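In: Provided below for reference: sequence and predicted model.
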Amino acid sequence: MNQFSRSKLQPPDYIKDGNEAFLAGRFNLAAQAFAKAHRNDPRNPVPLFNLASAKERTGDIAEAAANLTRALRLRPGWSEPAQRLALLLARYVLPSPGELNPHGLLAAFAFDNIDQQP
């Protein structure tokens, strides 16, 4: 009996694809890749953080802020999304702040180095 080696197909690395698109300045393409990465691994906050960065670059500040709070919901002790969120909220007025994840928002306010003033 002949044995054939079966190579497993590697799943697409959407985070890598998104990072490459982001570095190339193709922020819409990066956002699409990061959204796919999040759909493939919804418990991983990294795609949400990266998606927020891409959305910020495309001018979708409300979506960027919402994704940052979702990332913080998944990893409350992660300071980078909290700092990014604080900067966004200091610079922009969100049209619908109710879209922010309340648990993620509370996680952001738990950091001492986050500006909590409006």
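Out: That came through, no problem. Residues are numbered from 1 along each chain as shown.

In: which of the residues in the strand or helix carrying residue 32 are buried?
Out: Taking DSSP states H and E as the criterion, residue 32 maps to helix 27-40. Buried positions in helix 27-40, judged by neighbour count with 16 or more other CB atoms under 10 Å: 27, 29, 30, 31, 32, 33, 34, 35, 36, 37, 38. C-beta here means a position set from N, CA and C on the backbone, and glycine is covered the same way.

In: can you give me the helices in this structure?
Out: Counting by DSSP state H, one finds helices in the chain at the ranges 14-23, 27-40, 45-57, 61-74, 79-91, 102-109.

In: Would you mind giving those as TSV with mean pLDDT added?
Out: Below are the helices of the chain laid out as TSV (pLDDT from 0 to 100):
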stretch	mean pLDDT
helix 14-23	98
helix 27-40	98
helix 45-57	98
helix 61-74	97
helix 79-91	94
helix 102-109	92
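
In: So which residues make contact with the helix holding residue 32?
Out: For helix 27-40, contacts defined as CB atoms under 8 Å, 6 or more residues apart in numbering pick out 11-12, 14-15, 17-19, 21-22, 44, 46-48, 50-51, 54-55, 57-58.

In: What subset of these is buried?
Out: Of the contacts of helix 27-40, these count as buried by 16+ other CB under 10 Å: 14-15, 17-19, 21-22, 46-48, 50-51, 54-55, 57.
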